[in-house]
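Chemist: Below are the sequence and a predicted model for it; my questions follow.
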Amino acid sequence: YPPSVPSLPPGLQRDLWQDVYGQQLAISIILRALQAHTQNKHPTKPLVMSFHGSNGNGKTFISKIIAKNLYPQGVRSRFLHQFHPTLHFSNALNVPLYKAQLQNWIQGNVSICPSSLFIFAEMDHMPYGLIDAVTPFLYHQQAFKGLSYGKAIFIFISNIGGDRINEKMLEAWRKNSTREEIQLKDLEPLLASTAFRNRDSGFWHSDLIQRNLIDYYIPFLPLERQHVIECIKAELRSRGYNQHPEDVIQQIGSELTDFPPEEKIFSSHGCKTVATKVALHY
Ligand SMILES: Nc1ncnc2c1ncn2[C@@H]1O[C@H](COP(=O)(O)OP(=O)(O)OP(=O)(O)O)[C@@H](O)[C@H]1O
């Protein structure tokens with residue numbers, strides 16, 4: 001693994017490099033972003049990262065690893081706030097009310113813990129206009145309404161742009177480029193423009209993008225068979241099976257679908273269905 005970053009919890013780096021497969025690009029950007037943010041004693045702007053990629057590639061998994069390692073109570077910390085639009089913002093007619101509630105929530109919680117972490121999952125399902133409620137908190141400023149928001153972290157998670165990432169990866173694969181050759185600059189502009197232009201995206205025409213308030217658009221690459229095999233092994237280990245016959249692992253792997261149909265290079269749902277498939281065998 002790359003040398004560890006002294007200002008970040010060692011557990012965070014270990015968990016990311018050891019437990020997450022095939023997302024080296026995302027991990028290295030996230031660690032650099034967190035390092036820069038935590039080293040700055042008086043950040044004037046919260047850190048804002050947007051995770052993009054298709055199903056089951058580790059976006060939620062990584063956000064949980066971050067939360068687990070940033071707070072003593074881990075994912076149960078009261079400083080971690082997770083929002084799921086289909087659960088919390090299900091009625092598009094209530095957007096004005098949700099906006100007011102969201103702003104109160106952020107303000108109240110940052111006043112208790114300046115280093116609060118706000119995770120917005122399923123940005124694809126966020127009602128139009130709602131996410132702009134967070135815009136006032138994200139500008140470079142010393143304080144907003146007497147409170148400094150600079151130490152807070154915002155993470156957005158979505159499948160928006162996942163197809164574009166997958167297309168680029170397929171293109172690279174057909175040109176014999178390796179996964180490691182893909183760089184942020186190959187994908188980041190695609191993600192920002194797709195999020196802004198896609199009518200089905202919670203970022204559609206949002207101030208957040210227009211005003212460049214998202215610091216990093218982080219691509220999650222589609223997982224390949226070798227990564228899925230690692231996920232199967234990890235799932236077996238978590239169930240107490242340390243020895244497992246290779247043919248069973250291959251059998252479970254073959255039950256997962258791949259794309260494109262002809263070449264079958266990438267797993268259609270990443271590692272998402274691995275736990276269920278393993279459960280059928282053990
Ligand atoms: N890159 C990965 N490395 C290791 N395990 C992974 C990876 N991606 C996914 N997993 C496993 O699959 C499960 C589901 O992944 P996760 O919830 O992170 O997917 P996601 O990218 O958030 O997908 P979705 O967009 O569908 O919400 C995780 O809890 C983890 O066990």
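Modeler: Nice, thanks for sending it over.
Chemist: so what's the nearest residue to Gln103 once chain neighbours are set aside scoring on pLDDT?
Modeler: Closest residue to Gln103 apart from its sequence neighbours, by CB to CB, 6 or more residues apart in numbering: Ala133 at 5.4 Å. For the C-beta atoms, the positions are set from N, CA and C on the backbone; glycine is no exception. You'll see Ala133 listed with a pLDDT of 93.
Chemist: and if you look at Arg211?
Modeler: Taking Arg211 on its own, its pLDDT is 88.
Chemist: shouldn't it be in contact with Pro136?
Modeler: No - shown here, Arg211 and Pro136 do not form a contact pair, counting by CB atoms under 8 Å, at 10.7 Å.
Chemist: With neighbour numbers in mind, choose between those two.
Modeler: Higher neighbour count among Arg211 and Pro136: Pro136, with 15 against 12, using other CB atoms under 10 Å.
Chemist: How about the secondary structure of the more buried one?
Modeler: helix (DSSP: H, G, I helix; E, B strand; the rest coil).
Chemist: surely it meets Leu147?
Modeler: No - counting by CB under 8 Å, Pro136 does not reach Leu147; the two are 11.1 Å apart.
Chemist: how near is Arg14 to the ligand?
Modeler: The spacing between Arg14 and the ligand, counted by CB to the nearest ligand atom, to the nearest Å, is 14 Å.
Chemist: Now do the helix or strand where that residue lies: which elements does it pack against?
Modeler: Assigned by DSSP states H and E, Arg14 belongs to helix 10-19. Counting by 3 or more CB pairs under 8 Å, 6 or more residues apart in numbering; DSSP states H and E, the packing neighbours recorded for helix 10-19 are helix 24-39, helix 59-70.
Chemist: With respect to Lys175, which of those lies nearest?
Modeler: With CB to CB as the measure, helix 24-39 is the member of the helices and strands packed on helix 10-19 nearest Lys175 (17.5 Å).
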